[in-house]
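[1] Sequence and computational prediction follow.
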Protein chains: 2
Amino acid sequence: MAEPKHPVQTVDRMLDIVEIIHEQDGAGVSEIAEQVELGKSAVHNHLTTLANREYVDKDGDQYHIGLSFLSLGAYARNRTPIYETGRSQVDTLADRTGELVNLLVEKNGMGVYLYQAKGENAVELDTHEGKRVPLHCTAVGKAMLAFRPTEEVDEILDTHGMEPVTAHTITDREEFHAQLEEIRERRYAIDNEERLNGLRCIAAPITDDQDRSVAAVSVSCPVHRVGDARFYEDLPDAVLGTANVIELEHNYS
Amino acid sequence: MAEPKHPVQTVDRMLDIVEIIHEQDGAGVSEIAEQVELGKSAVHNHLTTLANREYVDKDGDQYHIGLSFLSLGAYARNRTPIYETGRSQVDTLADRTGELVNLLVEKNGMGVYLYQAKGENAVELDTHEGKRVPLHCTAVGKAMLAFRPTEEVDEILDTHGMEPVTAHTITDREEFHAQLEEIRERRYAIDNEERLNGLRCIAAPITDDQDRSVAAVSVSCPVHRVGDARFYEDLPDAVLGTANVIELEHNYS
DNA sequence: GAACCTCATTCGCTATCACAGAACAAGTTA
DNA sequence: TAACTTGTTCTGTGATAGCGAATGAGGTTC
């Protein structure tokens, strides 16, 4: 998205306020005012306006994200074609593996977690539905990029960079392209603590009839609990199976 | 929520725009401009500002709700205490009955669908997650109100009225209170085409340790498929069971 | 219990900025 | 080609968002 020629500042400020409340898990007027560099009264006016329509909830002196956003968020998700078909399969995989299973789509060069299901032993992570993550440091992201034209991959890397987030994050573009090649061959991607220490993931792409990725599924599990045998054999099979079912349902129905 | 003393008009207008896009399932600039009584350029500025942050997606000449709302919506839902415990039980009930199962909470005198799970034969309805409905004409709403103090019920009816939405909607306040009394006795509520023609629901409240309702679960099914035997015996048992489990998990863990 | 915090909230004034309107661009229909 | 759409750009100006100071409401401390 190109920068708007005539941005509506008030809208940007309002979104800033909402996002601050989100990030901070609730916030007070003064707290917000400091961060958006706005007077307390201005922030207060924004908050009462939002509260009036239940976009924020007021709980004592703390403001929180309101349920009105749920309606819009759920709607946006339902509109995403892969969601309906992907959901039940992701649930099944979570049941079978007992781990955390994610469904990711790409928007403007970033990954967005569309849905996640928690198996019985699922790790607790910072990934929640709707969260945006860079594509280069996650298994889902790499699975996604492996099935996109090289020019597109480069364009995405150009705009979003290859910020290292752990000691294992790939930061070299050559190496990255080599890995995508591997992924294309075996059809699944691996993340060995590239985004979070102690976390490994296996991901497989979901492609359309021209073999272009439209989404990706992954299983995330803690390093200490998942031995190499399970990680390099059982899980890839399971993930590939799931991706395949979603793919078939999505393309031929 | 009292009317804000100093509403930020631009925020209200922006929310109007977003809600119009939501209701209309996507809209163009001119279309929106007519409805918010704003110039096309102003609407255009709003939309580009929103699109820049992915709160709306531009698809040709149509603007749609963007996935950024998912992050906020999912967060708001996760913050709601009953969601985590309720979800898996609602899933189970949907599996067992094959019907549409809903979890509802109350916000400012209106019902908000927090979660819904579709069984194999679930009806397709206009109820989606996040949707707000009046409490007086739904089984979930009545189950909710039955376990609130009478003054609170009257206050809610005062502010939101008792608009009839089908021929069967209760519009008399005496009759309504009498029905709440019945519901308190048998612990579940019935909706026989009071909100939608052809639809019946059974709902049970989820109460806290002081027997005040914090949420309600319901099963919705088409009249033509569900005979009286199942409707008046099997379903209430199933719904009550589910509500009970959620209640226990919620209050004692 | 009074003095002192630290918040949210109110209010009036004014510089800012959101918006109308007109013009343009690009695409569709006749 | 002309007469329609639609979205987009641009600019002047009147409404209004937000500052700053005052007020109010709770809490904490001595």
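    Now that the structure is in, tell me what you want to look at. These numbers were taken from a predicted model, which means no experiment stands behind them. Numbering: from 1, shown residues only, chains lettered A, B, ... in the order given.
[2] I'd say residue A:11 and residue B:14 touch.
    Yes - using CB atoms under 8 Å, residue A:11 is in contact with residue B:14, at 5.0 Å. Glycine gets a C-beta too; all of them are placed from N, C-alpha and C.
[3] Now do the shared contacts for these two.
    Jointly contacting residue A:11 and residue B:14 under the rule CB atoms under 8 Å, 6 or more residues apart in numbering or on different chains are B:46, B:50.
[4] Give me the more crowded residue out of the two.
    residue A:11 (26 against 22; other CB atoms under 10 Å in any protein chain shown).
[5] quick one: the residue in chain A positioned nearest to DNA strand C and residue A:64, what's the gap?
    Closest approach between chain A and DNA strand C, counting by CB to the nearest atom of the strand: residue A:28, at 2.5 Å. Distance of residue A:28 to residue A:64, given as CB to CB, to the nearest Å: 11 Å.
[6] gap between the residue in chain A that DNA strand D sits nearest to and residue A:50?
    Per CB to the nearest atom of the strand, residue A:39 is where chain A lies closest to DNA strand D, at 2.2 Å. In this view, residue A:39 and residue A:50 are 17 Å apart by CB to CB.
[7] okay, those two: which has more neighbours?
    Neighbour totals were compared for residue A:39 and residue A:50, and residue A:50 leads with 27 against 10 (other CB under 10 Å).
[8] Now for the residue nearest to that one when sequence neighbours are not counted: which residues touch it?
    Of all residues not flanking residue A:50 in the chain, residue A:56 sits nearest, at 4.4 Å (CB to CB, 6 or more residues apart in numbering or on different chains). Under the criterion of CB under 8 Å, 6+ apart, the neighbours of residue A:56 are A:18, A:21, A:47, A:50, A:63-66.
[9] again, only using 10 Å
    A:17-18, A:21, A:26, A:46-50, A:63-66, A:68-69, B:76 (CB atoms under 10 Å, 6 or more residues apart in numbering or on different chains).
[10] do the same with residue A:133
    Residue A:133 sits next to A:102, A:104, A:110-113, A:126-127, A:140-141, A:165, A:195 when contact means CB under 10 Å, 6+ apart.
[11] quick check, nearest of the residues you listed to chain B?
    Of all those, chain B sits closest to residue A:112, with 5.2 Å by CB to the nearest CB.
[12] I figured the residue of chain A closest to DNA strand D was touching residue A:33, is that so?
    Yes - applying CB atoms under 10 Å as the test, residue A:39 and residue A:33 come out as touching, 6.4 Å apart.
[13] those strands in the stretch 151-253 of chain A, which residues are they?
    Secondary structure of the stretch 151-253 of chain A (DSSP state E, counting those that start in this stretch): strands located at A:189-192, A:199-207, A:213-222.
[14] List the pairing partners of the longest one within its sheet, with orientation.
    Read it as strand A:213-222. Strand pairing for strand A:213-222, using DSSP bridges, gives strand A:100-107 (antiparallel), strand A:199-207 (antiparallel).
[15] which stretches of chain A form helices?
    Using DSSP state H, the helices of chain A run over A:9-24, A:29-36, A:40-52, A:68-79, A:81-97, A:139-146, A:150-160, A:173-186, A:228-229, A:235-251.
[16] closest to residue B:157 out of those?
    Closest approach to residue B:157 among the helices of chain A (CB to CB): helix A:40-52, 21.2 Å.
[17] Could you name the helices and strands sitting against the closest one?
    Judged by 3 or more CB pairs under 10 Å, 6 or more residues apart in numbering or on different chains; DSSP states H and E, helix A:40-52 is in contact with helix A:9-24, helix A:29-36, strand A:56-59, strand A:62-65, helix B:9-24.
[18] out of the ones you listed, nearest to residue B:154?
    strand A:56-59 (23.6 Å).
[19] The closest one - what's its average pLDDT?
    What strand A:56-59 shows for mean pLDDT is 95.
[20] how many other residues sit next to residue A:149?
    The burial count for residue A:149: 9, using other CB under 10 Å.
[21] any idea how far residue A:239 is from it?
    Taken as CB to CB, the span from residue A:149 to residue A:239 is 24 Å.
[22] With residue A:97 instead?
    From residue A:97 over to residue A:239 the distance is 9 Å, taken as CB to CB.
[23] which residues do the two both contact?
    Common neighbours of residue A:97 and residue A:239, counting by CB under 10 Å, 6+ apart, are A:202, A:219.
[24] Between these two, which has more neighbouring residues?
    Higher neighbour count among residue A:97 and residue A:239: residue A:239, with 26 against 23, using other CB under 10 Å.
[25] residue in chain A nearest to chain B?
    Taking CB to the nearest CB, chain B has its nearest neighbour within chain A at residue A:73, 2.4 Å off.
[26] Measure how buried the closest residue to that residue other than its chain neighbours is and give me the count.
    In this structure, residue A:73 finds its nearest non-sequential neighbour in residue B:73, 2.4 Å apart by CB to CB, 6+ apart. Residues contacting residue B:73 under the criterion other CB under 10 Å number 27.
[27] Quick check: residue B:73 touching residue B:115?
    No - contact criterion CB under 10 Å: residue B:73 and residue B:115 do not qualify, at 11.8 Å.
[28] Now do the shared contacts for those two.
    A:70, A:74, B:129-130.
[29] any idea which of the residues you listed has the most stuff around it?
    residue A:70 (28 neighbours).
[30] how close does residue A:219 get to residue A:183?
    Where residue A:183 is concerned, residue A:219 sits at a distance of 16 Å (CB to CB).
[31] So between the two, which is more surrounded?
    Using other CB under 10 Å as the criterion, residue A:219 and residue A:183 rank with residue A:219 on top: 30 against 22.
[32] Out of all residues in chain A, which is the farthest from the middle?
    residue A:41 (34.9 Å; CA atoms, centre = their mean).
[33] which residue packs closest to it, ignoring adjacent ones?
    That would be residue B:6: by CB to CB, 6+ apart, it lies 7.9 Å from residue A:41.
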